[in-house]
Structure formats: structure tokens, C-alpha cells
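**Student:** would you be able to build a 3D model of this:
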Amino acid sequence: MSETTHGTDETREGRPSREVDWELLRARAAKMMRRAYAPYSRYPVGAAALVDDGRLVGGCNVENAAYGVTLCAECGLVSDLVAGGGGRLVAFSCCDADGERLMPCGRCRQLLWEHGGPDLLVDTPLGVQPMTAVLPQAFGTTDLDKVAARDTGGHA
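**Tutor:** Reported below is the predicted structural model:
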């Protein structure tokens, strides 16, 4: 999945949203959606993201009869990211079977924050938004650093 992207778009705040080919990203999410395994909900979801080195990564939801072990599309996407050598997510899009853009669930927003941080751009039904708007006041490594500093007497 080593395609590079180009083109520009704007966030809802009117700032340039980096060089992201959103149409390519949406097409990749749709391709991933067609690979979803969703026999129980019949709600296939596909996700795609641009990595800081120019790669595209993707994932689809994988359901299970034991619902608690169902994997969201974002889980597959992050596995693809890590298995492909890591990096930081720059731009993200996901869609349903109708090609409609979707918001990630809360768990997946936290997962995206971990691998993209506050500057990750998310393609939402309302337009492109930074992760800070999608997951305000997110829990992250700085919160863990505070605990580590406290436990070591102020030396992290």
C-alpha cells in the first residue's frame, strides 16, 4: 500500500489540511470496506489513512459470533500501520457500505490518537477536522508521564 498522495483541502477551520488526496483516501477506505467480514450486523466498515512517510494503510471491520471480540476497521488499520514498519498517521477516513463518511467510535478515537496525535486530520461527515476536535482533552502519554514523574519524585 505504498501510494503517495497529493492535492489540498481545507479543514472546517479554514486551515490547509496538508497535502492529502482525500478522494484517494476515501477510495481506499471503500476498497477496505468491501473486504469487511460483517455477517451479523451487515454493517461493513472500511478505513484508510495516510502515514507520515507517504504510505497508505487500511483496515476493515471483522465481526465475531462472540461480539466482544469483534474488531473495528481502525484496529485493522493500526495493525497494518505497525506491521508495515510504524510511523505516524497524518490523515484518516472511514466509510460504510453506502460510501458515507463515518465517525470512529470512542475506543477507536483513542486508538487513532495514540498513532496520530492531535494533528491527525479526520475526514468526518462535517468535513475534515483535527483529532483535537474529534477527541477533545484526550488521554495520552503526557498523562502517563505525570504519573511516572510523581512516582519517581519528580524525575520522569
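**Student:** all strands for this protein, in order.
**Tutor:** Ranges of strands within the chain are 46-51, 56-60, 89-95, 121-124, 127-130, based on DSSP state E.
**Student:** for those strands, give me TSV that also has mean neighbour count and mean pLDDT.
**Tutor:** All C-beta spots, glycine's among them, are computed from the backbone N, C-alpha and C. Converted to TSV, these look like this (neighbours: other C-beta atoms under 10 Å; pLDDT from 0 to 100):
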stretch	mean neighbour count	mean pLDDT
strand 46-51	29	99
strand 56-60	25	99
strand 89-95	26	99
strand 121-124	24	98
strand 127-130	18	98
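**Student:** between those strands, which one is closest to Ala36.
**Tutor:** The closest of the strands of the chain to Ala36 is strand 56-60. By C-beta to C-beta, the value is 3.9 Å.
**Student:** packing partners for the closest one?
**Tutor:** Here strand 56-60 touches helix 22-33, strand 46-51, helix 73-83, going by 3 or more C-beta pairs under 8 Å, 6 or more residues apart in numbering; DSSP states H and E.
**Student:** lowest-confidence helix or strand of the chain?
**Tutor:** The weakest-scoring helix or strand in the chain, judged by mean pLDDT, DSSP states H and E, is helix 141-151 (a mean of 80).
**Student:** ok, which of the helices and strands packed on strand 56-60 comes nearest Gly59?
**Tutor:** Going by C-beta to C-beta, the one of the helices and strands packed on strand 56-60 nearest Gly59 is helix 73-83, 2.5 Å.
**Student:** got the contact list for that closest one?
**Tutor:** With contacts defined as C-beta atoms under 8 Å, 6 or more residues apart in numbering, helix 73-83 is touched by 1, 32-33, 36, 45-49, 51, 57-62, 87, 89, 92, 94, 104, 108, 111-112, 114-115.
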